[in-house]
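[1] Need a 3D model of the sequence below.
(one chain, ligands or ions: 1)
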Amino acid sequence: MTVLPLVFDAPKRGLPPQHLADLDSAGRRDAVVALGEKAFRADQLSRHYFAGRGLDEATDLSPSAREHLAPLLPTLLTRVRDQQADGGDTTKTLWRAHDGSLIESVLMRYPDRTTVCVSSQAGCGMACPFCATGQAGLTRNLSTAEIVEQVVRSNAAELAAGRRGVTNLVYMGMGEPLANANRVLASVRRFTDPAPEGLGLSQRSLVVSTVGVVPAIRRLQETGLKVTLALSLHAPDDELRNTLVPVNTRWPVKEVLEAAFGYTRSTGRRLSIEYAMIKDVNDQAWRADLLAKRLKGKLVHVNLIPLNPTPGSAWDASDKAVEREFVRRLKAAGISTTVRDTKGQDIAGACGQLAAE
Ligand code: SAH
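    Now for the predicted structure:
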């Protein structure tokens, strides 16, 4: 009888059973050996997993090896539903985890890339009042493998349909990635490690979006990873940001910008500032000017997001004329600025609309 290593213990605090994608390559080799197989099987197994193949398709493994290694590939997510928008170019997928938690991911096909927007938590604890995910509260962190699985499965489905695989990833689904930093950082490794150990995406094609958990931004910096950091700023002043992004009361605007620019200095990656345009709330000309002042001379790009409607919210997107003036002021101050093209609004798949309902 095989004695399972500690990693296969009962799930803690709702986390799913341990999966191959939770482990780094050394951990995978150890786990394979603990299951009575030779260490090199870890690479074979990883190659199949990241290509989206199940054990039943792993024909280079004997039936007995497959049986021994099955505990490393538990089913983590069940596909509940796919919804299409934007003429079929956007697909929102609803997944159910082992404990019944529901999460969503969104796949977006563009002429030059295919991007998946992944969830990092079931729900979110950050309570931003304009975001549907924030309204529902936090259920739990996702495991590394649950984050990875969303992308591996979407990628495999694209390839099976004869389309380009996933090229880009944004951690902009449900949850606050840097409130689940260990697992999110491990998932970044899985996505960017070359085959057979990972999916082989380039670090620069990953975006980690955060409300601004300052200690975790510093940790991200210490890893030496060079992903793009996006900061959900939404207001240039503490008074308003305290209400739009409540975590601002802990790490205010000045401190969060300092941490984010520390990251850009050490990585050379341009900081992305996300700013939802909310009518008569944060879209005044003086706020554009204050934002420009705070960002002046930095390696930064501002991404304005017309507010997407969420259930029960009294807020609207800014008028187009107001939005244009906001852009004009930022650009006049030398700040690179674009307005985000809103995808998947009609299937509640756009920024801030993921509620897994
Ligand atoms: N928790 C992370 C990632 C989630 S969402 C973060 O906050 O950065 C990605 C972006 O969508 C964030 O900038 C978020 O503030 C923004 N967003 C949330 N609700 C929105 C809405 N209703 N309309 C437009 N953008 C929204």
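
[2] Okay, domains of the chain per the record?
    20-72, 77-347 (automatic domain parsing).

[3] And the first one, end to end?
    Read it as domain 20-72. 5 Å (CA to CA, to the nearest Å).

[4] that older thread, I'd like to know which of the domains of the chain lies nearest to Q353.
    Closest to Q353 of these, according to CB to CB: domain 77-347, at 5.3 Å. Using the backbone N, CA and C atoms, a C-beta is placed for each residue, glycine as well.

[5] Using CSV, lay out the domains of the chain together with mean neighbour count and distance to G14.
    Converted to CSV, the domains of the chain look like this (neighbours: other CB atoms under 10 Å; distance: least, CB to CB, whole Å):
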stretch, mean neighbour count, distance to G14
domain 20-72, 17, 15
domain 77-347, 19, 5
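
[6] Using a markdown table, lay out the ones you listed together with mean pLDDT and distance to the ligand.
    Formatted as a markdown table, the domains of the chain follow (pLDDT from 0 to 100; distance: least, CB to the nearest ligand atom, whole Å):
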| stretch | mean pLDDT | distance to the ligand |
| --- | --- | --- |
| domain 20-72 | 96 | 21 |
| domain 77-347 | 96 | 3 |
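
[7] Can I get these in CSV including distance to L354?
    Conversion of the domains of the chain to CSV gives the following (distance: least, CB to CB, whole Å):
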stretch, distance to L354
domain 20-72, 22
domain 77-347, 5
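
[8] which residues does the residue most central in space within the chain bridge with?
    Nearest to the geometric centre of the chain sits Y171, at 1.5 Å (CA atoms, centre = their mean). Under DSSP bridges, the beta-bridge partners of Y171 are V208.

[9] List the residues that contact it.
    Contact analysis of Y171 by CB atoms under 8 Å, 6 or more residues apart in numbering lists C117, V118, S120, P177, V184, L206, V207, V208, S209.

[10] go again using 7 Å as the cut-off
    Counting by CB atoms under 7 Å, 6 or more residues apart in numbering, Y171 touches V118, S120, P177, V184, V207, V208, S209.

[11] closest to Q84 among the residues you listed?
    Using CB to CB, the contacts of Y171 come closest to Q84 at V118, 18.6 Å.

[12] got the contact list for the closest one?
    V118 sits in contact with S105, I147, Q150, V151, L169, Y171, G173, where contact means CB under 7 Å, 6+ apart.

[13] With G88 instead?
    Counting by CB under 7 Å, 6+ apart, G88 has no contacts.

[14] neighbours around the one residue in the chain that gets nearest to the ligand, how many?
    Of all residues in the chain, G352 sits closest to the ligand, at 1.8 Å by CB to the nearest ligand atom. By the measure other CB atoms under 10 Å, the count of residues near G352 is 22.

[15] Am I right that it sits in a strand?
    No - judged by DSSP: H, G, I helix; E, B strand; the rest coil, G352 forms no part of a strand; its state is coil.

[16] For it, which non-adjacent residue is closest in space?
    C131 (4.1 Å; CB to CB, 6 or more residues apart in numbering).

[17] That neighbour against Q353, yeah?
    No - the pair C131 / Q353 is not scored as a contact, 8.3 Å apart, by CB atoms under 7 Å.

[18] Now tabulate the contacts of V118 in TSV and tack on secondary structure.
    Output for the contacts of V118, formatted as TSV (three-state DSSP):
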residue	secondary structure
S105	strand
I147	helix
Q150	helix
V151	helix
L169	strand
Y171	strand
G173	coil
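
[19] nearest to F261, of the residues you listed?
    Once CB to CB is applied, the member of the contacts of V118 that ends up nearest F261 is Y171, at 19.8 Å.

[20] And the closest one, how far from L107?
    Counting by CB to CB, to the nearest Å, the gap from Y171 to L107 is 14 Å.

[21] What of G134?
    Noted for G134: a distance of 23 Å to L107, by CB to CB.

[22] quick revisit: give me the pLDDT value at the residue of the chain closest to the ligand.
    pLDDT, G352: 80.

[23] Isn't it up against P129?
    No - counting by CB under 7 Å, G352 stays clear of P129, with 10.4 Å between them.

[24] export the contacts of V118 to CSV and tack on distance to L307?
    Converted to CSV, the contacts of V118 look like this (distance: CB to CB, whole Å):
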residue, distance to L307
S105, 22
I147, 27
Q150, 25
V151, 27
L169, 24
Y171, 21
G173, 18
